[in-house]
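# Everything below, folded, please.
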Amino acid sequence: MFRSLYDWTMRQAARPNANRALAVVSFLESSIFPIPPDVMLIPMCLANRQRAFYYAFICTVASVIGGLFGYAIGYFLLETLGRWVIDLYGYGEKWQAFEAAYAEWGVWIILIKGLTPIPYKIVTIASGAAHFSLGVFIIASIVTRGLRFFLVAGLLRAFGEPIRDFIEKRLNILGIIFVVALVGGFVAVRYLF
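Residues are numbered from 1 along each chain as shown. The predicted model follows:
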């Protein structure tokens, strides 16, 4: 299963519109979409290591802009679209606890959760709902998202072929680990807050 998905993604990474697709996924992941941009960033970096930092830049910019969209959802549309997204990901019951933690630790939550598989969209919506400082939110988002994407891109640029070989030899187990980490991020937010 993962082999055909991996092969398809590698083919897509070489297409002329891959940059736009990467930007769209990065934007949407920060506000409503469940799949992180890493599923495109990694194959794109492996397919063209010389452009790895450019791809990380695309992810960072689009993710921060998408984060502003998530912020706007929380700020202006919390009771409609915001609640729908929160409930869609199963955080409705824990939302008040998350808001309380956010009021006390806001910038640290942005910095920590932006680096982890815990859904960033919950952080962006919570930032808007808490009327968190927009300037601090933008700076923290640039730092955390940029660090995450540039770290991935840097590693892939420096060690691309061995990493590619490692991924291709262990594709099924890595696919399972990725799915577990993705689901684990959603579960962690649901039960930790």
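# What is the burial count for Ala47?
20 (other C-beta atoms under 10 Å). Any C-beta I mention is one placed from the backbone N, CA and C, and that applies to glycine too.
# shouldn't it be in contact with Arg15?
No - with contact defined as C-beta atoms under 8 Å, Ala47 does not reach Arg15; the gap is 9.8 Å.
# Tell me where the chain has helices.
2-13, 18-29, 38-47, 52-76, 83-88, 95-113, 120-129, 134-169, 171-192 (DSSP state H).
# JSON lines for these, including mean pLDDT?
As requested, those are exported to JSON lines (pLDDT from 0 to 100):
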{"stretch": "helix 2-13", "mean pLDDT": "67"}
{"stretch": "helix 18-29", "mean pLDDT": "90"}
{"stretch": "helix 38-47", "mean pLDDT": "86"}
{"stretch": "helix 52-76", "mean pLDDT": "96"}
{"stretch": "helix 83-88", "mean pLDDT": "82"}
{"stretch": "helix 95-113", "mean pLDDT": "76"}
{"stretch": "helix 120-129", "mean pLDDT": "85"}
{"stretch": "helix 134-169", "mean pLDDT": "87"}
{"stretch": "helix 171-192", "mean pLDDT": "65"}
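# okay, which residue is most central for this structure?
Pro36 (4.2 Å; C-alpha atoms, centre = their mean).
# Next up, phi/psi of that one, please.
phi -70, psi 150 (degrees, to the nearest 10).
# Relative to Asp87, how far out is it?
Here Pro36 is placed at a distance of 21 Å from Asp87 (C-beta to C-beta, to the nearest Å).
# tell me, how many neighbours does Glu79 end up with?
Glu79: 9 neighbours (other C-beta under 10 Å).
# What does the pLDDT read for it?
Listed pLDDT for Glu79 reads 87.
# buried sites along stretch 25-44?
Across stretch 25-44, burial judged by 16 or more other C-beta atoms under 10 Å covers 25-33, 36-44.
# Contacts only, for Trp95.
Ile86 (C-beta atoms under 8 Å, 6 or more residues apart in numbering).
# where's it relative to Leu68, distance?
21 Å.
# most packed of the helices of the chain?
helix 120-129 (a mean of 27; mean count of other C-beta atoms under 10 Å).
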